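Engineer: When you get a sec, could you give me coordinates for this:
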Amino acid sequence: MTKEDLKDLIIVLRDFLRGDANTFLWAKSRKDLLSDSRNFEGSIYSIGGGNFFIALASMCLLSFLAKIYKILISKEGKLNSLFDKRGVFKYETTAVKEFIQKLKEENITIVDDKSIKEKKFWQLLRHGLVHLFVPKGNSSIQAIDPAHFATGLSLFQYKNHLNNNELPAITQNERGGFNCDADLLAIKVQKAADWLICQIDADPSKFSGKRISAIDKLFSAENN
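Structural biologist: All right, here's what the predicted structure looks like:
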């Protein structure tokens with residue numbers, strides 16, 4: 001895999017997420033659909049309305065980007081230690097934590113400070129929100145209440161609000177669970193992808209033969 005191949009892969013994955021997230025946002029902004037209870041039964045801004053799917057897709061892409069970042073910042077002599085004997089990446093939690101902390105320095109805040117301090121925060125976060133079929137325990141996935149659109153907020157205005165929102169997309173609540181804003185998470189993960197592409201362009205020296213081999217190994221493991 002070349003540098004350009006990696007950039008193209010990240011762009012494709014980012015655009016898949018963007019397309020799906022925008023489709024669900026568009027559907028939630030449709031006043032004619034909002035007025036028809038057959039289309040939106042229950043709470044669209046909770047588990048319905050595509051929010052579970054968007055949260056799941058966002059967290060999967062976030063994990064993949066974090067592993068790429070970990071490979072790029074690791075010393076070449078340490079690259080083999082990132083994988084087990086089967087070629088599976090061993091340090092997902094560490095990689096995600098380092099990536100999230102770096103993104104915060106770049107004003108892309110994905111998770112609140114309380115959550116990131118949890119020793120096993122990624123397992124807690126992933127299992128609590130999306131690893132099971134529905135959010136576990138005290139965790140919840142939410143997104144925009146369609147009533148906001150009904151009161152005159154346009155889709156363009158809301159997307160602009162998401163793009164400029166500096167609040168974390170995932171926060172730990174007082175009950176020990178996590179609250180995830182699916183719409184906001186999707187936007188921030190897209191920004192994370194754009195940031196990583198810029199880092200790949202900025203430092204071509206990171207693409208040594210050993211790092212390319214490690215990225216190839218990661219890609220093979222992620223597809224098996």
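Engineer: Next one: residue 115 from residue 179, what distance?
Structural biologist: From residue 115 over to residue 179 the distance is 10 Å, taken as Cβ to Cβ, to the nearest Å. Using the backbone N, CA and C atoms, a C-beta is placed for each residue, glycine as well.
Engineer: Tell me the residues that contact both of these two, please.
Structural biologist: 170-172 (Cβ atoms under 8 Å, 6 or more residues apart in numbering).
Engineer: Out of these, which comes closest to residue 10?
Structural biologist: Taking Cβ to Cβ as the measure, residue 10 lies nearest residue 170 of the shared contacts of residue 115 and residue 179, at 21.3 Å.
Engineer: Name all residues that make contact with that closest one.
Structural biologist: Residue 170 touches 110-112, 115, 125, 129, 178-181, 185, counting by Cβ under 8 Å, 6+ apart.
Engineer: Could you dump those into JSON lines and include neighbour count?
Structural biologist: JSON lines is the format used below for these (neighbours: other Cβ atoms under 10 Å):
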{"residue": "110", "neighbour count": "24"}
{"residue": "111", "neighbour count": "27"}
{"residue": "112", "neighbour count": "17"}
{"residue": "115", "neighbour count": "19"}
{"residue": "125", "neighbour count": "24"}
{"residue": "129", "neighbour count": "25"}
{"residue": "178", "neighbour count": "26"}
{"residue": "179", "neighbour count": "19"}
{"residue": "180", "neighbour count": "29"}
{"residue": "181", "neighbour count": "24"}
{"residue": "185", "neighbour count": "28"}
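Engineer: Export the residues you listed as TSV, with columns for secondary structure.
Structural biologist: What follows is these, written out as TSV (DSSP: H, G, I helix; E, B strand; the rest coil):
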residue	secondary structure
110	coil
111	strand
112	coil
115	helix
125	helix
129	helix
178	strand
179	strand
180	strand
181	strand
185	helix
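Engineer: What is the lowest-pLDDT residue among the residues you listed?
Structural biologist: The lowest pLDDT within these belongs to residue 129, with 63.
Engineer: Now do the buried residues in stretch 172-190.
Structural biologist: 172, 177-190 (16 or more other Cβ atoms under 10 Å).
Engineer: Go through the helix of greatest length in the chain and flag the buried ones.
Structural biologist: When the chain is parsed with DSSP state H, its longest helix is helix 3-29. For helix 3-29, burial by neighbour count (16+ other Cβ under 10 Å) applies to 6-7, 10, 13-14, 17, 20-21, 24-25, 27-29.
Engineer: Packing partners of it?
Structural biologist: Other elements packing on helix 3-29 under the criterion 3 or more Cβ pairs under 8 Å, 6 or more residues apart in numbering; DSSP states H and E are helix 51-73, helix 155-163, helix 182-202.
Engineer: The residue nearest to the spatial centre of the chain and residue 125, how far apart?
Structural biologist: In the chain, the centroid-proximal residue (Cα atoms, centre = their mean) is residue 58; its distance is 3.3 Å. Distance of residue 58 to residue 125, computed by Cβ to Cβ: 12 Å.
Engineer: who's in contact with the closest residue to residue 210 other than its chain neighbours?
Structural biologist: Nearest non-adjacent residue to residue 210, counting by Cβ to Cβ, 6 or more residues apart in numbering: residue 76, 4.8 Å away. Counting by Cβ under 8 Å, 6+ apart, residue 76 touches 208, 210-211.
Engineer: which residues touch the residue lying closest to residue 16 once chain neighbours are set aside?
Structural biologist: Closest residue to residue 16 apart from its sequence neighbours, by Cβ to Cβ, 6+ apart: residue 57 at 7.6 Å. Going by Cβ under 8 Å, 6+ apart, residue 57 touches 16-17, 20, 186.
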